[in-house]
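Participant: please work out how this folds:
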Amino acid sequence: MKILWIVNTLFPDLCIKLGVKPTVLGGWMYESAKELSRIENIDLTVVTTHQKEQIDSYDINGIKYFLIPSNNNETYNKSLEQEWQKIFTEIKPDIIHIHGTEYSHGLPSMSVFPKEKFVISIQGLVSVYARYFLGGISVAEIKTNKTLRDYLKGDLLKGQKQFESKGKLENLYLTQTKNVIGRTSWDFAHTKILNPQVNYHFCNETLRGVFYTASKWNIQNKKNHQIFLSQAATPIKGLHQVIKAVSLLKKEFPNIKIRVGGHDILKSTGSFSEKLKITDFGKYIKKLLHKYELQNNIQFLGLLSEEQMIEEYKQAHIFICPSSIENSPNSLGEAQILGVPVISSYVGGTKDMVVHKETGFLYRFEEVEMMAIYIKEIFNNDQLAQKLSHNGIVAATERHSLKQNINNLHEIYKTINSNL
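Facilitator: Residues are numbered from 1 along each chain as shown. The predicted model follows:
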């Protein structure tokens, strides 16, 4: 069976071939691609865009890659129809699997090939995410914190508009396809409302490979009262809510620490020119930290490699997923499979990943008091922390089983192909 993937990122092997630094994004897709390509009678081709003037192709470790030229992924590019036709003529795929629907380069492929052969994986749904983009921060608050950088490049309100625009592209994909792959009751509901006739196929997501073999979280090795967040660049990721919750606990736990993966949005250690790049959200967070006197209780860690992420997870007392919206965040799955006690906002599909009080704690995004109480319970109860750790490992190991998920994906392909 010939499978063609359309993706939005460059896989590590291709990055190395092109002489560019491998991205930290999409590691779970790369892991799935490697496993899928090892199945007998599966020929896998992966197509993405790059700033080139013509199609380039590479054969690397059993996977064929195509790079198609595209300088604008925000609007429909009719000229790409010819490029897709060339690729389809050469590969003659049985199934075309689109990963991610927020960019436009895959849409022309649906104009030149039978739609019955397409299947789309639901990652997030930006059309829905746009509703929650501001994370409960008021428009007035955003305008109050507008910075020079925002005047030049756009503020949070513009970011929300961009999500809405990408959502329109997404809806074009989802209303045209006959098949989708999802993994939560949330993405099922939204997909079926948008396209009642679509065939919904269930398949859990694979994690990055190193998380399957890494040693587990050990309560003896944790750093007391240390909270880890995998990212916090935008209000969707909920850092401001964690700060509010931690402010309620600082008196009892004066050494409490929030460690955040990703760039320092406060620009606290940068040069003067770097500090001019602070955004409205960064300024808002800075004010919040000052208000609650938590400036010394937070640290931004920069972009982390997979190995560095694992160390942060394992050193944490708690991992928190405080987002205003998620489908099924891989960071939550990574934390659970390593055994880190987790707390998550009850949004989107997170209820399908966390059983309240068994594999973690769930709270309403707005209820920072509930988050604070659950943090306190874990801090004060090692027996509870170990229970959540053990149960999280069991649940995540089954949910993210590499072998099972690849087998399920293979069966989905065979089902779609047999119905053509």
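Participant: now do the contacts for the residue nearest to residue 222 when sequence neighbours are not counted.
Facilitator: Here the nearest residue to residue 222 in space, its sequence neighbours aside, is residue 317; by Cβ to Cβ, 6 or more residues apart in numbering that works out to 5.1 Å. For every residue, glycine as well, the C-beta is placed using N, CA and C. Residues in contact with residue 317 (Cβ atoms under 8 Å, 6 or more residues apart in numbering) are 222, 223, 224, 225, 226, 227, 341, 378, 379, 385.
Participant: tell me the buried residues within the residues you listed.
Facilitator: Buried members of the contacts of residue 317, counted by 16 or more other Cβ atoms under 10 Å: 222, 225, 226, 227, 341, 378, 379, 385.
Participant: dump the contacts of residue 317 into a markdown table; add pLDDT and secondary structure as well.
Facilitator: A markdown table is the format used below for the contacts of residue 317 (pLDDT from 0 to 100; DSSP: H, G, I helix; E, B strand; the rest coil):
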| residue | pLDDT | secondary structure |
| --- | --- | --- |
| 222 | 97 | coil |
| 223 | 98 | coil |
| 224 | 98 | coil |
| 225 | 98 | coil |
| 226 | 98 | strand |
| 227 | 98 | strand |
| 341 | 98 | coil |
| 378 | 98 | helix |
| 379 | 98 | helix |
| 385 | 98 | helix |
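Participant: now for the helix or strand encompassing residue 320, which elements pack on it?
Facilitator: Assigned by DSSP states H and E, residue 320 belongs to strand 318-321. Judged by 3 or more Cβ pairs under 8 Å, 6 or more residues apart in numbering; DSSP states H and E, strand 318-321 is in contact with strand 226-229, helix 330-338, strand 342-345, helix 368-380.
Participant: off-centre distance for the last one?
Facilitator: The chain centroid and the centroid of helix 368-380 are separated by 25 Å, computed with Cα atoms, centre = their mean, to the nearest Å.
Participant: which residue is the nearest non-sequential neighbour of residue 419?
Facilitator: residue 116 (7.6 Å).
Participant: wait, is the one you found part of a helix?
Facilitator: Yes. The assignment for residue 116 is a helix, going by DSSP: H, G, I helix; E, B strand; the rest coil.
Participant: before we move on, what's the pLDDT of it?
Facilitator: Looking at residue 116, its pLDDT stands at 85.
Participant: just confirm it contacts residue 418, I think it does.
Facilitator: No. Judged on Cβ atoms under 8 Å, residue 116 makes no contact with residue 418 at a distance of 11.6 Å.
Participant: between the two, which has more neighbouring residues?
Facilitator: Between residue 116 and residue 418, counting by other Cβ atoms under 10 Å, residue 116 is the more crowded of the two (15 against 7).
Participant: check contacts around the more buried one.
Facilitator: By Cβ under 8 Å, 6+ apart, the residues touching residue 116 are 178, 416, 419, 420.
Participant: among the residues you listed, name the buried ones.
Facilitator: Judged by neighbour count, with 16+ other Cβ under 10 Å as the criterion, the buried members of these are 178, 416.
Participant: who touches stretch 9-24?
Facilitator: For stretch 9-24, contacts defined as Cβ under 8 Å, 6+ apart pick out 25-27, 29-30, 33, 46, 48, 50, 58, 60-61, 63, 65, 67, 303-306.
Participant: distance between the helix or strand where residue 151 lies and the chain's centre?
Facilitator: For residue 151, the enclosing helix or strand under DSSP H and E is helix 148-153. How far helix 148-153 lies from its chain's middle: 26 Å, per Cα atoms, centre = their mean.
Participant: same question for stretch 90-98.
Facilitator: Remark: stretch 90-98 is offset 25 Å from the chain centroid, using Cα atoms, centre = their mean.
Participant: now do the helices in the stretch 1-150 of the chain.
Facilitator: All helices of the stretch 1-150 of the chain, identified by DSSP state H, counting those that start in this stretch, fall at 12-18, 27-37, 80-91, 107-111, 126-129, 139-144, 148-153.
Participant: need these in TSV with mean neighbour count, can you?
Facilitator: Formatted as TSV, the helices of the stretch 1-150 of the chain follow (neighbours: other Cβ atoms under 10 Å):
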stretch	mean neighbour count
helix 12-18	16
helix 27-37	21
helix 80-91	17
helix 107-111	20
helix 126-129	21
helix 139-144	13
helix 148-153	13
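Participant: who wins for proximity to residue 395 among the ones you listed?
Facilitator: Within those, the stretch nearest residue 395 is helix 27-37; the backing value is 17.5 Å (Cβ to Cβ).
Participant: need the contact list for residue 306.
Facilitator: For residue 306, the contact set (Cβ under 8 Å, 6+ apart) comprises 24, 27, 208, 210, 211.
Participant: how does it look with 6 Å?
Facilitator: 208, 210 (Cβ atoms under 6 Å, 6 or more residues apart in numbering).
Participant: mind pulling up the pLDDT for it?
Facilitator: On pLDDT, residue 306 comes in at 92.
Participant: pLDDT below threshold where in the stretch 51-200 of the chain?
Facilitator: For the stretch 51-200 of the chain, applying pLDDT under 70 flags no range at all.
Participant: 90 instead, please
Facilitator: Within the stretch 51-200 of the chain, the segments meeting pLDDT under 90 span 51-57, 68-80, 82-83, 100-105, 112-116.
Participant: all strands of it, in order?
Facilitator: Assigned by DSSP state E, counting those that start in this stretch, the stretch 51-200 of the chain shows strands spanning 56-60, 63-69, 95-99, 118-121, 179-182, 199-202.
Participant: what does the first one rub up against?
Facilitator: Under the criterion Cβ under 6 Å, 6+ apart, residues 13, 17, 65, 66, 67 lie in contact with strand 56-60.
Participant: please apply the same query to the fourth one.
Facilitator: Residues from elsewhere that reach strand 118-121 (Cβ under 6 Å, 6+ apart): 96, 97, 98, 99, 173, 177, 179, 180, 181, 416.
Participant: with the longest one instead?
Facilitator: Judged by Cβ under 6 Å, 6+ apart, the contacts made with strand 63-69 from elsewhere in the structure are 14, 37, 44-47, 49-50, 52-53, 55-58, 83, 87.
Participant: and which of those residues is nearest residue 325?
Facilitator: residue 49 (26.6 Å).
Participant: just checking, residue 101 touches residue 170?
Facilitator: Yes. Here residue 101 reaches residue 170: they are 4.2 Å apart, a contact under Cβ atoms under 6 Å.
Participant: show me which of those two is the more surrounded one.
Facilitator: residue 101 (28 against 24).
Participant: so what does the helix holding residue 151 touch, helix or strand wise?
Facilitator: The helices and strands touching helix 148-153, judged by 3 or more Cβ pairs under 6 Å, 6 or more residues apart in numbering; DSSP states H and E, number zero.
Participant: okay then, goodbye and thanks.
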